[in-house]
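here are the coordinates; sequence isn't available:
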């Protein structure tokens with residue numbers, strides 16, 4: 001993975017991409033945990049993903065209520081499903 005953003009470590013860049021790819025993680029959670037705005041996340045995804053993968057992701061997350069905290073139903077405050085990170 002090529003890191004075009006020297007202020008982000010490879011691990012941070014990888015985690016941001018992982019969070020962006022997850023349908024239930026809102027852009028606000030990425031901003032809160034890494035300080036990266038939605039626009040910059042889109043820019044990172046455009047540079048890091050293959051063109052077809054980026055288009056597929058962009059189509060999937062555009063206007064998706066789970067990716068935008070303001071569009072989520074009232075009472076949904078978590079960034080991920082409670083069963084998403086199971087103890088092994």
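All right, it came through fine. Everything numeric in this text was worked out from a predicted model, so none of it was measured.

and the least confident helix or strand in the chain by mean pLDDT, which residues are buried?
Least confident helix or strand of the chain, by mean pLDDT, DSSP states H and E, is helix 27-34 with a mean of 90. Residues of helix 27-34 classed as buried under the neighbour-count rule (16 or more other CB atoms under 10 Å) are 27-30, 34. All C-beta atoms are positioned from the backbone trio N, CA, C, and that covers glycine.

which parts of the helix or strand following it are buried?
Per DSSP states H and E, helix 27-34 leads on to helix 38-48 as the next helix or strand towards the C-terminus. For helix 38-48, the buried set under the neighbour-count rule, 16+ other CB under 10 Å, comprises 38, 40-42, 44-45, 48.

as a whole number, average confidence for the next helix or strand after helix 38-48?
Once helix 38-48 ends, the next helix or strand along the chain (criterion: DSSP H and E) is helix 51-61. Here helix 51-61 scores 93 as its mean pLDDT.

Reformat the buried residues of helix 38-48 as JSON lines; add distance to residue 11 and pLDDT.
As requested, the buried residues of helix 38-48 are arranged in JSON lines below (distance: CB to CB, whole Å; pLDDT from 0 to 100):
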{"residue": "38", "distance to residue 11": "21", "pLDDT": "91"}
{"residue": "40", "distance to residue 11": "17", "pLDDT": "94"}
{"residue": "41", "distance to residue 11": "16", "pLDDT": "95"}
{"residue": "42", "distance to residue 11": "21", "pLDDT": "94"}
{"residue": "44", "distance to residue 11": "14", "pLDDT": "94"}
{"residue": "45", "distance to residue 11": "17", "pLDDT": "95"}
{"residue": "48", "distance to residue 11": "14", "pLDDT": "93"}
